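[1] One predicted model, sequence on top.
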Amino acid sequence: GAVVSQHPSRVICKSGTSVKIECRSLDFQATTMFWYRQFPKQSLMLMATSNEGSKATYEQGVEKDKFLINHASLTLSTLTVTSAHPEDSSFYICSARVQYEQYFGPGTRLTVT
Amino acid sequence: AQSVTQLDSQVPVFEEAPVELRCNYSSSVSVYLFWYVQYPNQGLQLLLKYLSGSTLVKGINGFEAEFNKSQTSFHLRKPSVHISDTAEYFCAVRIRGKLQFGAGTQVVVTP
């Protein structure tokens, strides 16, 4: 089956630093990838949609300068949280779409101290 | 406007008992419907999906769901649960290429 990986699985960083999260589709090519954010005991909130080779489309209320998304190839998308603050602490999940299905990565737990 | 409502935030159930998780949606356009399961600190795994055709959809791990257009519902069922079914379950609709998730239902299976 289709596998999506994320790296790192957990990261702790200091306030003011930047953190990059990688999302890879391991055995398929994904023209479209999605980034979600999930707060404890809550649902997933779509942050942005990225298409290979073009700029990401951000959902309303998501700061594009803070959450930089790059979809450099058909198997890799990255999310960079710039100048992270404690309120950015969350569980970030990426997803890759193939036709009508989306496959999700295992998530990255970001803690900003 | 469209939304997904999961009517139960938590469902306790005994092992080997049946379980039903309720999901209602509202949409002015045709939708695709999904159920996902999330185990602690993990991503989402697709249980089943409805795109078209038969309204009774069978998925993995013994789960099934029925699409009811008139009631705009897509309830998930399993006739006999296991301890390993303890997880968070999300109903989702895809509209114009984007998934919109319900708030989730926590299923807790006890012996």
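    Looks like it arrived, so ask away.
[2] tell me which helix or strand of chain A sits lowest on mean pLDDT?
    Within chain A, no helix or strand scores below strand A:101-104, which has a mean of 88 by mean pLDDT, DSSP states H and E.
[3] and that strand, how far out from the chain's middle?
    Centroid separation between strand A:101-104 and its chain, computed with Cα atoms, centre = their mean, to the nearest Å, is 13 Å.
[4] same for that strand, what does it pack against?
    Secondary-structure packing of strand A:101-104 (3 or more Cβ pairs under 8 Å, 6 or more residues apart in numbering or on different chains; DSSP states H and E): strand A:90-98, strand B:44-50. Backbone N, C-alpha and C define where each C-beta goes, glycine included.
[5] Name the stretch among these that sits most buried.
    When those are scored by mean count of other Cβ atoms under 10 Å in any protein chain shown, the highest mean neighbour count falls to strand A:90-98 (a mean of 23).
[6] partners of it in the sheet?
    strand A:32-38 (antiparallel), strand A:101-104 (antiparallel), strand A:108-112 (antiparallel) (DSSP bridges).
[7] Dump the helices and strands packed on strand A:101-104 into TSV; add distance to residue A:107 as well.
    Shown next, in TSV, are those (distance: least, Cβ to Cβ, whole Å):
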stretch	distance to residue A:107
strand A:90-98	5
strand B:44-50	9
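[8] Can I get the ones you listed in TSV including distance to residue B:78 and mean pLDDT?
    Putting the helices and strands packed on strand A:101-104 into TSV (distance: least, Cβ to Cβ, whole Å; pLDDT from 0 to 100) gives the following:
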stretch	distance to residue B:78	mean pLDDT
strand A:90-98	24	93
strand B:44-50	10	94
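[9] And stretch B:69-82, what's buried?
    For stretch B:69-82, a neighbour-count test (16 or more other Cβ atoms under 10 Å in any protein chain shown) marks B:72, B:73, B:74, B:75, B:76, B:78, B:81 as buried.
[10] Ramachandran angles for residue A:88?
    Main-chain dihedrals, residue A:88, degrees, to the nearest 10: phi -90, psi -10.
[11] Can you pull the phi and psi angles for residue A:75?
    In terms of degrees, to the nearest 10, the main-chain angles of residue A:75 are phi -130, psi 0.
[12] again, but for residue A:52
    Residue A:52 adopts backbone torsions of phi -60, psi 130, taken as degrees, to the nearest 10.
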